[in-house]
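Undergrad: I would like the atomic coordinates for the input below:
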Amino acid sequence: KVTRAFSHGICFVPEVVAMWKKCAGSFLAVLAVCAAAGLVHQEIAPAFAEEDQSVYFEVAPDTPVVETGGVQRVIVRALVRPVCGKPVLRAPLAVALVLDKSGSMGSGGKLENAKRGVLEALKMLGQDDVAALVAYDGRSTVLVPPIRVGRDYGEEVFQRAVRYLQPGGSTALYSGLVTGAGQIRPFVGEGYIPRVVLLSDGIANVGPSSAAELGSLGRQLGREEMTITTIGLGLDYNEDLMTALAAESGGNAYFARRGEMLPEIFSRDMADAVTVTARKLRISLRCADGVRPLRVVGRPGTMDGGILETTIDNLYGTGEKYALFELELPQGDAGSSLDAAVVRLDYVDTGTGMSRRQEAPLRISFAKGRESVERNRDGNIVAQAAIARNAEIREEAVRLADQGKAGEAAKLLERRKEDLRQMAPSVGAAAPVLEGEAGIFDALSRSILSPGGLSVEERKKTVNDAYIQKNQQIPAIESGEVVSGDKK
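TA: Next comes the predicted model:
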């Protein structure tokens, strides 16, 4: 569980790993200690947090010193996190909670736990926030239109609404999402941060139901600056559809194997929502002459000439996020240095609504021989790049297995397992993370080759793990278990 939590997380600090081993604290506690520890990186990269900025911005390569004598590749990390110690200003939220109340929600205490989840979410909101409640079966119904919540405002209204909610009917997921979004649309552009939390335990069977159709809706809502969080409950929902919905707007995606996890998941998502520090973060890397841009690692991105660009939709006060870029460097002479790129961050400060910009240079030094290269290597960034690549391999393995190419999928996972085990000794405190990932890939490979192939639960977990790793999402924790982590 230590390994899985950190593989989904953001930093690898030895003091935190030691603390985790001594006590079963929550993942939020670990992140707090990460922040207190200063996320100890080698002092090789410029870090910027001007007085009027709400985001700390740091740019660093995995190998700040490269060997002479040939073309070399580096991974560049552009890290963002909220400025520590700065008073938190945030815009009010407009939240639509959209619940599946179809017939299947009547089993296993699903609907009752969903009701608890709604009430837990409301506890996280402030008195300037507004919330709406929508339920759907074969059609969607507005149970509570947008009202102010927080500090007991509106609590009784929601309690009455959920008290009489009963399961029954089909699953008009598309209609539920459209209705939920419609409830908070009037608040878009009025200083509110809009967010929809969508719960489903089954396959959409009324109205538009394909991943492409729901993904298109997600893109439309994303363009309206709505964030869509999806919660897939049990083993019958469509994980591809729910993940696509979240991905199109930069929302969180959760896999809840049991209904008992719902209160924690609703609370976990609202913990992010109430700490949104920045939105619409755009990170672009402009290469110097002679430097070749290769790709954005682990996130969707674009390449235009010598510029690589990617986006991060939301930065929360609960953690940090980063973008990774791969570059190819020209040959250099020993003792020389190269200003290889300039990295720019543009974002919207949610407290003020103002657009902000920061820039940081990327400098690389050249040395003869491997000793200086290895001594200056940043194991943290190496491990983060490996985790981003692992997410891509998870997705590729699932795709191959779906196509009936179990042998190819297993070989892909086996090769990655060996790569991770060879890499682990070189990344310092992050070694247990890569070793744990190697073990997971070994188990996945064996599952894919088993007579029954990848189980429904394993597929859902693998898809969700890949998304969490790519989105650098903090997993919810319930009863000491990482919701999207290892099997028991």
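
Undergrad: Give me the distance between stretch 168-185 and the centre of its chain.
TA: 24 Å (C-alpha atoms, centre = their mean, to the nearest Å).

Undergrad: buried ones in it?
TA: For stretch 168-185, the neighbour count (16 or more other C-beta atoms under 10 Å) marks 169-181, 183-185 as buried. For the C-beta atoms, the positions are set from N, CA and C on the backbone; glycine is no exception.

Undergrad: I'd like to know how many residues surround Arg295.
TA: Taking other C-beta atoms under 10 Å as the criterion, the count of residues near Arg295 is 12.

Undergrad: how much space between it and Met423?
TA: Arg295 sits 19 Å away from Met423 when distances are taken as C-beta to C-beta, to the nearest Å.

Undergrad: Start from the N-terminal end of the stretch 151-300 of the chain and give the helices.
TA: Taking DSSP state H, counting those that start in this stretch as the criterion, the stretch 151-300 of the chain carries its helices at 155-163, 173-184, 211-223, 239-249, 262-273.

Undergrad: how about these, which one is nearest Glu392?
TA: Nearest to Glu392 among these is helix 239-249 (13.7 Å), distances taken as C-beta to C-beta.

Undergrad: which strands and helices sit next to that closest one?
TA: Under the contact criterion of 3 or more C-beta pairs under 8 Å, 6 or more residues apart in numbering; DSSP states H and E, helix 239-249 touches strand 193-200, helix 211-223, strand 227-233, strand 253-256, helix 456-471.

Undergrad: Check those for me: which has the lowest mean pLDDT.
TA: Taking each of the helices and strands packed on helix 239-249 in turn, the one with the lowest mean pLDDT is helix 211-223, at a mean of 90.

Undergrad: got a list of contacts for that one?
TA: Defining contact as C-beta atoms under 8 Å, 6 or more residues apart in numbering, one finds that helix 211-223 is touched by 173-174, 177-178, 181, 196, 204, 208, 228, 238, 240-241, 244-250, 313.

Undergrad: From the chain's centroid, how far away is stretch 70-89?
TA: Using C-alpha atoms, centre = their mean, the distance from the centre of stretch 70-89 to the centre of the chain it belongs to is 16 Å.

Undergrad: cool, stretch 447-456 as well?
TA: Going by C-alpha atoms, centre = their mean, the spacing between the C-alpha centre of stretch 447-456 and its chain's C-alpha centre is 27 Å.

Undergrad: just to revisit the earlier point, now the helices of the stretch 151-300 of the chain in CSV, with distance to Ala438?
TA: Formatted as CSV, the helices of the stretch 151-300 of the chain follow (distance: least, C-beta to C-beta, whole Å):
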stretch, distance to Ala438
helix 155-163, 44
helix 173-184, 37
helix 211-223, 30
helix 239-249, 24
helix 262-273, 28
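
Undergrad: Check the spacing between Met303 and Ser284 real quick.
TA: Distance of Met303 to Ser284, computed by C-beta to C-beta: 11 Å.

Undergrad: picking up where we left off before, of all the helices and strands packed on helix 239-249, which one comes closest to Val118?
TA: Go through these one by one with C-beta to C-beta and the one that ends up closest to Val118 is strand 193-200, at 9.0 Å.

Undergrad: other SSEs contacting the closest one?
TA: Helices and strands touching strand 193-200, by 3+ C-beta pairs under 8 Å, 6+ apart, are strand 93-100, helix 110-123, helix 173-184, strand 227-233, helix 239-249, helix 262-273.

Undergrad: show me the contacts for Ser355.
TA: With contact taken as C-beta under 8 Å, 6+ apart, Ser355 is in contact with 346-349.

Undergrad: Can you tell me which of the residues you listed is nearest Gln472?
TA: Within the contacts of Ser355, the smallest distance to Gln472 is 15.7 Å, found for Tyr347 (C-beta to C-beta).

Undergrad: So the closest one sits against Tyr56, correct?
TA: No - applying C-beta atoms under 8 Å, one finds Tyr347 not in contact with Tyr56, separated by 11.7 Å.

Undergrad: Which one's more surrounded, the two?
TA: For the pair Tyr347 and Tyr56, the greater number of neighbours falls to Tyr347 (25 against 20), based on other C-beta under 10 Å.

Undergrad: which residues does that one bridge with?
TA: Residues in a beta bridge with Tyr347, per DSSP bridges, are Arg356.

Undergrad: mind starting the numbering at 8 from now?
TA: Sure thing, new numbering starts at 8, so read that last one as Tyr354.

Undergrad: Which one of the contacts of Ser362 sits in the busiest neighbourhood?
TA: Across the contacts of Ser362, the neighbour count under other C-beta under 10 Å reaches its highest value at Tyr354, namely 25 neighbours.

Undergrad: in the chain, which helix has the most residues?
TA: Ranked by residue count, the top helix of the chain under DSSP state H comes out as helix 386-409.

Undergrad: which helices and strands sit right next to the helix or strand following that one?
TA: Along the chain past helix 386-409, the next helix or strand (assigned with DSSP states H and E) turns out to be helix 413-430. Counting by 3+ C-beta pairs under 8 Å, 6+ apart, the packing neighbours recorded for helix 413-430 are helix 386-409, helix 438-456.

Undergrad: Any idea which of those gets closest to Arg170?
TA: The stretch from those with the least distance to Arg170 (C-beta to C-beta) is helix 386-409; that distance is 40.2 Å.

Undergrad: That closest one versus helix 438-456: what angle between them?
TA: 10 degrees (axes from the mean of the first three to the mean of the last three C-alpha atoms, to 10 degrees).

Undergrad: ok, back up a step: dump the helices and strands packed on helix 246-256 to TSV, plus distance to Ala67.
TA: Conversion of the helices and strands packed on helix 246-256 to TSV gives the following (distance: least, C-beta to C-beta, whole Å):
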stretch	distance to Ala67
strand 200-207	30
helix 218-230	30
strand 234-240	28
strand 260-263	28
helix 463-478	20
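
Undergrad: Next, format those as TSV and append distance to Gly326 and mean neighbour count.
TA: Compiled in TSV, the helices and strands packed on helix 246-256 are given as follows (distance: least, C-beta to C-beta, whole Å; neighbours: other C-beta atoms under 10 Å):
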stretch	distance to Gly326	mean neighbour count
strand 200-207	17	27
helix 218-230	21	18
strand 234-240	16	28
strand 260-263	16	27
helix 463-478	11	21
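
Undergrad: Out of these, the one nearest Glu74 is which?
TA: Using C-beta to C-beta and comparing those, the one that lies nearest Glu74 is helix 463-478, at 29.9 Å.

Undergrad: can I get the CA coordinates of the closest one in PDB?
TA: Coordinates of the C-alpha atoms in helix 463-478 are reproduced here as PDB (Å, rounded to 0.1, in the frame of the first residue of the first chain):
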ATOM      1  CA  VAL A 463     -13.800  -7.400 -14.900                       C
ATOM      2  CA  GLU A 464     -12.500  -6.000 -11.600                       C
ATOM      3  CA  GLU A 465      -8.800  -6.100 -12.700                       C
ATOM      4  CA  ARG A 466      -9.700  -4.300 -16.000                       C
ATOM      5  CA  LYS A 467     -11.500  -1.600 -14.100                       C
ATOM      6  CA  LYS A 468      -8.700  -1.200 -11.600                       C
ATOM      7  CA  THR A 469      -6.100  -1.100 -14.400                       C
ATOM      8  CA  VAL A 470      -7.900   1.500 -16.400                       C
ATOM      9  CA  ASN A 471      -8.500   3.600 -13.300                       C
ATOM     10  CA  ASP A 472      -4.900   3.300 -12.100                       C
ATOM     11  CA  ALA A 473      -3.700   4.500 -15.400                       C
ATOM     12  CA  TYR A 474      -5.900   7.600 -15.300                       C
ATOM     13  CA  ILE A 475      -4.900   8.400 -11.700                       C
ATOM     14  CA  GLN A 476      -1.200   8.200 -12.600                       C
ATOM     15  CA  LYS A 477      -1.600  10.300 -15.700                       C
ATOM     16  CA  ASN A 478      -3.800  12.900 -13.900                       C
END
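
Undergrad: This completes my enquiry, with thanks.
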